[in-house]
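1. Below are the sequence and a predicted model for it; my questions follow.
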Amino acid sequence: MKKFAPQLGFPVLAHKLALDPNATAMCGLHSHAGAARAAYNWAVAHATAVWWQRRAEQSYGIPEEELTPWRSWSLPALRKAFNEGKRTDPRFAGWWEEDSKEAYNTGDGP
């Protein structure tokens, strides 16, 4: 990671904040963090499923032009696919509406 270097003549201020959420807020924080992680795991599985499928097809000797087409794993494509499937996917049924839509957009990996 690139180290921060302030420009000469510009002041640098830092603030340290501590959160002290009550039980309800803590539950919401955990829910949003869990939603972000679930969306990240979904996106990884969605993107790699085709890779594994193509690899299996290649092992059977299927020619390149007949292999399963690649899925786009750009942010807009993943967002569209997630939004199409979140209502029917049993992993998200019943709770995806409880969190902000931005929680799913900011899924962070390990």
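-> Received the coordinates, thanks. Since we're looking at a predicted model, the values are computed, not measured.
2. Residue 36 and residue 65, how far apart?
-> Counting by C-beta to C-beta, to the nearest Å, the gap from residue 36 to residue 65 is 38 Å. C-beta coordinates here come from the backbone N, C-alpha and C atoms, glycine included.
3. So these two - more neighbours on which side?
-> Neighbour count, other C-beta atoms under 10 Å: between residue 36 and residue 65, residue 36 has more, with 19 against 5.
4. Would you tell me what the next helix or strand after the helix or strand containing the more buried one is?
-> Per DSSP states H and E: residue 36 is located in helix 23-59. Remark: after helix 23-59, the chain's next helix or strand is helix 75-85, criterion DSSP H and E.
5. buried set for that following helix?
-> Neighbour-count burial for helix 75-85 flags 78, 81-82 (criterion: 16 or more other C-beta atoms under 10 Å).
6. For that helix, which outside residues touch it?
-> Residues outside helix 75-85 that contact it (C-beta atoms under 8 Å, 6 or more residues apart in numbering): 39, 42-43, 46-47, 71-72, 92, 104-105.
7. Find the pair from those with maximum spatial separation.
-> 72 and 92 (20.9 Å; C-beta to C-beta).
8. okay, these two: which has more neighbours?
-> Using other C-beta under 10 Å, the more surrounded residue of residue 72 and residue 92 is residue 92, with 18 against 12.
9. So which residue is dead centre in this protein?
-> Taking C-alpha atoms, centre = their mean, the centroid of the chain lies closest to residue 40, which sits 2.8 Å from it.
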